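**Q** sequence? don't have it. structure:
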């Protein structure tokens with residue numbers, strides 16, 4: 001590490017104008033003695049979230065982006081030198097609160113050692129990374145209880161509307177405002193919710209680049225995968241099966257017949273795809289963990305816009321959007337929440353079981369419309385509600401809004417735009 005290059009980098013950050021950072025719903029604190037770890041998919045806005053943490057006295061904030069060439073070759077052992085370089089620039093800040101904002105820190109070998117050093121020296125620290133299990137595991141183990149992880153996802157529909165300049169209050173939701181919100185919902189479902197995609201025009205090319213970088217940098221390079229062609233086949237397979245059931249065994253059988261691939265390799269590649277936040281595998285709600293692990297899983301994408309590169313399906317987009325909103329509830333508001341599906345394999349199916357500390361608190365069915373499907377969707381909800389002892393039953397549709405009374409149960413039918421806005 002060259003101290004002069006580090007000083008130059010720090011000085012450049014303090015001298016340049018920061019881009020305007022729109023407020024996000026996730027607002028992690030910078031607590032003393034704890035590293036704030038912000039994880040999430042590439043291009044979800046982690047860097048801008050770090051920018052939003054910078055206070056009025058910018059010289060007390062040290063922002064380091066470890067994907068910048070000026071910082072290539074940095075290791076955890078270099079952090080004392082970085083601190084010395086900072087105080088060479090700003091000796092008047094010795095003894096003051098100083099904040100270190102470390103972007104894409106997983107690119108630094110031994111970063112945990114460096115972060116522990118910063119915490120030991122009394123600095124406040126935030127780190128970001130695009131790897132879920134890698135960063136979370138290291139935060140939990142290497143930081144020895146001195147780190148707290150927060151997950152940032154692409155824009156919620158509420159954030160998306162604000163990015164589009166649409167403010168809303170519950171009492172204003174009628175007439176032309178509702179028409180505009182529904183029109184923007186179509187865009188949200190089709191092109192997804194990455195911040196740049198919401199703000200810029202060339203959306204398909206941007207998404208194509210995101211997918212390519214996700215595969216090459218976050219999956220192939222980070223996990224040192226040699227068979228790139230196999231990864232690309234798995235990606236296409238998952239894209240074509242989003243919001244559908246699958247299993248590790250069925251994926252392996254398909255790939256074995258085509259490529260002779262071992263089950264170990266398939267599992268390794270699927271875990272790498274999960275680790276990059278490209279995809280999520282939703283488990284079944286079952287009495288035993290063993291049954292849940294053996295059952296098929298449902299595939300959901302990190303963003304509905306990525307489905308443009310396969311078999312785009314509006315009905316599956318709606319279900320995927322509901323899943324992501326539930327995931328935000330968990331990561332932004334209530335870490336005790338868990339999300340599963342119910343039934344499957346010939347049983348009555350319910351798309352989502354939301355539980356808290358293992359107890360079901362809401363059952364959600366997703367369908368484009370109740371026309372012609374009401375009996376099936378409602379009966380499945382009622383059955384699951386009685387089995388699981390849950391009376392909070394919801395059907396999310398594209399347009400329908402109603403309340404259905406069946407004996408002692410009430411099923412709320414909610415249009416997607418209201419569900420996503422939380423009203």
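**A** Nice, thanks for sending it over. Note that the coordinates shown come from a computational prediction; the quantities given were computed from them, not determined experimentally.

**Q** make it CA atoms for all contacts and neighbour counts henceforth
**A** Fine.

**Q** who touches residue 279 in this structure?
**A** For residue 279, the contact set (CA atoms under 8 Å, 6 or more residues apart in numbering) comprises 273, 299, 300, 301, 302.

**Q** I should have written residue 416 there, sorry.
**A** Listed by CA under 8 Å, 6+ apart, the contact partners of residue 416 are 318, 322, 396, 397, 398, 399.

**Q** Go through the residues you listed and say which is closest to residue 162.
**A** residue 322 (19.2 Å; CA to CA).

**Q** Would you mind measuring the gap between the ends of stretch 240-253?
**A** Terminal residues of stretch 240-253 lie 17 Å apart, using CA to CA, to the nearest Å.

**Q** Quick one: residues in contact with that stretch.
**A** 261-263, 266-267, 295-301, 307, 310-312, 316-317, 319-320.

**Q** now those: which count as buried?
**A** Buried residues within the contacts of stretch 240-253, counting neighbours by 16 or more other CA atoms under 10 Å: 263, 266, 295-301, 307, 312, 316-317, 319-320.

**Q** These in helices, which ones?
**A** Judged by DSSP state H, those include 263, 266, 316, 317, 319, 320 as members of helices.

**Q** Quick check: pLDDT value at the first one.
**A** We have a pLDDT of 90 for residue 263.

**Q** That one: what's its closest spatial neighbour, skipping adjacent residues?
**A** Using CA to CA, 6 or more residues apart in numbering and skipping residues adjacent in sequence, the residue nearest residue 263 is residue 252, 5.8 Å away.

**Q** Output the below-cut-off pLDDT ranges for the stretch 251-400 of the chain.
**A** 345-347 (pLDDT under 70).

**Q** in it, which spans are helices?
**A** Using DSSP state H, counting those that start in this stretch, the helices of the stretch 251-400 of the chain run over 263-275, 289-294, 314-328, 374-388.

**Q** Tell me the secondary structure at the residue nearest the centre of the chain.
**A** Note on the chain: the residue nearest the mean C-alpha position is residue 153, at 3.3 Å, using CA atoms, centre = their mean. Secondary structure assignment for residue 153 (DSSP: H, G, I helix; E, B strand; the rest coil): coil.

**Q** my read: it touches residue 41, true?
**A** Yes - under the criterion of CA atoms under 8 Å, residue 153 makes contact with residue 41 at 6.9 Å.

**Q** For those two, list the residues in contact with both.
**A** residue 302.

**Q** just to revisit the earlier point, adding distance to residue 414, write the helices of the stretch 251-400 of the chain out as CSV.
**A** Formatted as CSV, the helices of the stretch 251-400 of the chain follow (distance: least, CA to CA, whole Å):
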stretch, distance to residue 414
helix 263-275, 30
helix 289-294, 29
helix 314-328, 12
helix 374-388, 13
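
**Q** among those, which is nearest residue 417?
**A** helix 314-328 (10.1 Å).

**Q** And the contacts of residue 416, which is closest to residue 333?
**A** For those, the nearest to residue 333 is residue 322 (16.0 Å; CA to CA).

**Q** Find the residue closest to that closest one in space, skipping its chain neighbours.
**A** Nearest non-adjacent residue to residue 322, counting by CA to CA, 6+ apart: residue 420, 7.4 Å away.

**Q** where does the one you found land in three-state SS?
**A** Under the three-state scheme (three-state DSSP), residue 420 adopts helix.

**Q** And it, how far from residue 397?
**A** Taking CA to CA, one finds residue 420 at 11 Å from residue 397.

**Q** okay, those two: which has more neighbours?
**A** Per other CA atoms under 10 Å, whichever of residue 420 and residue 397 has more neighbours is residue 397, with 22 against 19.

**Q** Now do the buried residues in stretch 388-404.
**A** Judged by neighbour count using 16+ other CA under 10 Å, the buried positions of stretch 388-404 are 388, 390, 391, 392, 393, 394, 395, 396, 397, 398, 400, 401.

**Q** Mind checking which of the residues you listed land in strands?
**A** Those of the buried residues of stretch 388-404 mapping onto strands are 393, 394, 395, 396, 397, per DSSP state E.

**Q** now the contacts of residue 279 in JSON lines, with distance to residue 124?
**A** Below are the contacts of residue 279 laid out as JSON lines (distance: CA to CA, whole Å):
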{"residue": "273", "distance to residue 124": "32"}
{"residue": "299", "distance to residue 124": "38"}
{"residue": "300", "distance to residue 124": "35"}
{"residue": "301", "distance to residue 124": "34"}
{"residue": "302", "distance to residue 124": "30"}
